[in-house]
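>>> Just to be clear, the model below is a prediction. Sequence and coordinates:
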Amino acid sequence: MNAAPEGLLARYGERLESAIDAIVRDEADHVRVAATLVADQVRQDGLVHVYGPGGHSALAVQDVFYRAGCPIAVAPVADPATALFAGALGSTAAEREADHGEAVVAGSGVGQGALFVVVNAFGVNAAAVGAARAARARGARVIALSSRAAEAAVPAGHRARSGSLPAHADVHVDTHVPAGDVVLEAGPGVRVGGLSTVLNSFVLHAILASAVEQLVAGGDEAWVWHSSYTAGGDAHNARAAERVRERVPQL
């Protein structure tokens, strides 16, 4: 018989499970509303533009683009300046630049009737806040994913603060990322165990999967990507890509 788990691994798992439980308990209505916006956009043959301003927040966008089970209508919003591999320190500087988010939206094709999803763990940087504000000004509906607890813990005078992402969203889903992101003590004064990447992705996948479920329930067409490692996956994805290739250049 296996012994009960203990140590850092067990504590890490418990903190992650607790955060996911809080999302399921507290955010179900917001996830449903966000999913309805996605489903409506797909019914109209529109794209779901997803933007993750910040080196690690961008990982959630990559996680749902061209991903098995995700709608083919997901269109990532490119932002090379905040990509980690372009320079990690430069990424932090770029996400804090005034008007950076506005410039990204201006070059994204987001406009009247579009759906724009912004994923950002802390929800305070200029890129996230500016992008959401600019997208709404252009007539897009905005879904924002960020953590109110993480936002509240950023000091009032911190240079990263540029506003509050939820204030510029039609729907906000709280990702329940804890203050400062990391949740464990590895030793005196040494904190480890980030949760934001997992929680951002969990919420984003939940919204998209719920949207697909709504489409299927309504008898609507629900094109999703298949794994290329399954029988027929490559052929299915080739057909799917033809439906959106001209509008999603990243394909």
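Happy to help now that I have it.
>>> Do I have it right that Ile207 meets Val33?
No: with contacts defined as C-beta atoms under 8 Å, Ile207 does not count as touching Val33, sitting 9.5 Å away. C-betas here are computed from N, CA, C, even on glycine.
>>> which of these two has more neighbours?
Under the criterion of other C-beta atoms under 10 Å, the comparison of Ile207 against Val33 puts Ile207 first, with 27 against 16.
>>> show me what contacts that one?
Taking C-beta atoms under 8 Å, 6 or more residues apart in numbering, we find Ile207 in contact with 31, 34-35, 38, 117, 143, 173.
>>> Return the residues in contact with the residue sitting nearest the centre point of the chain.
Nearest to the mean C-alpha position of the chain, counting by C-alpha atoms, centre = their mean, stands Val119 at 3.6 Å. Shown in contact with Val119 (C-beta under 8 Å, 6+ apart): 50-52, 57, 60-61, 145-146, 200, 204.
>>> List just the nearest of the contacts of Ile207 to Val77.
Val117 (8.9 Å; C-beta to C-beta).
>>> First-to-last residue distance for stretch 83-97?
Stretch 83-97 stretches 14 Å from its first residue to its last (C-alpha to C-alpha, to the nearest Å).
>>> hmm, who's touching it?
So stretch 83-97 is in contact with 53-56, 58, 79-82, 100, 125-128, 159-160, 162, going by C-beta under 8 Å, 6+ apart.
>>> now do 10 Å
53-59, 79-82, 100-101, 103-104, 120, 124-128, 130, 158-162 (C-beta atoms under 10 Å, 6 or more residues apart in numbering).
>>> again with stretch 216-229
Applying C-beta under 10 Å, 6+ apart, the contact partners of stretch 216-229 are 39, 42-43, 45, 64-74, 208-209, 211-215, 232-241, 243-244.
>>> Report the buried members of those.
39, 42, 64-67, 70-74, 208-209, 211-212, 214-215, 236-237, 240, 244 (16 or more other C-beta atoms under 10 Å).
>>> So which of these belong to strands?
Val74 (DSSP state E).
>>> Which of the contacts of Val119 sits closest to Ala10?
Among the contacts of Val119, Asn200 lies closest to Ala10 (C-beta to C-beta), at 23.3 Å.
>>> and that closest one, what is it in contact with?
Counting by C-beta under 10 Å, 6+ apart, Asn200 touches 52, 54, 56-61, 63, 119-121, 145-147, 175, 177.
>>> re the thing from before, and the gap between the residue nearest to the centre of the chain and Ser196?
10 Å (C-beta to C-beta, to the nearest Å).
>>> tell me, what's touching those two both at once?
By C-beta under 10 Å, 6+ apart, Val119 and Ser196 have these common neighbours: 54, 57, 59-60, 146, 175.
>>> Buried subset of these, written for PyMOL?
In PyMOL syntax, the buried subset of the shared contacts of Val119 and Ser196 is picked out as below (16+ other C-beta under 10 Å):
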select buried, resi 54+57+59+60+146+175
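>>> who wins for most neighbours among the contacts of Ile207?
Val117 (31 neighbours).
>>> give me the element that residue is part of.
Counting by DSSP states H and E, the element that carries Val117 is strand 115-119.
>>> Could the C-alpha coordinates of that strand be exported in PDB?
Extracted in PDB, the C-alpha atoms of strand 115-119 (Å, rounded to 0.1, in the frame of the first residue of the first chain):
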ATOM      1  CA  LEU A 115     -14.500  39.000 -29.400                       C
ATOM      2  CA  PHE A 116     -11.300  39.800 -27.500                       C
ATOM      3  CA  VAL A 117     -10.100  37.600 -24.600                       C
ATOM      4  CA  VAL A 118      -7.300  39.000 -22.400                       C
ATOM      5  CA  VAL A 119      -5.400  36.700 -20.000                       C
END
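>>> That one pairs with which strands?
Counting by DSSP bridges, the strands paired with strand 115-119 are strand 48-51 (parallel), strand 141-146 (parallel).
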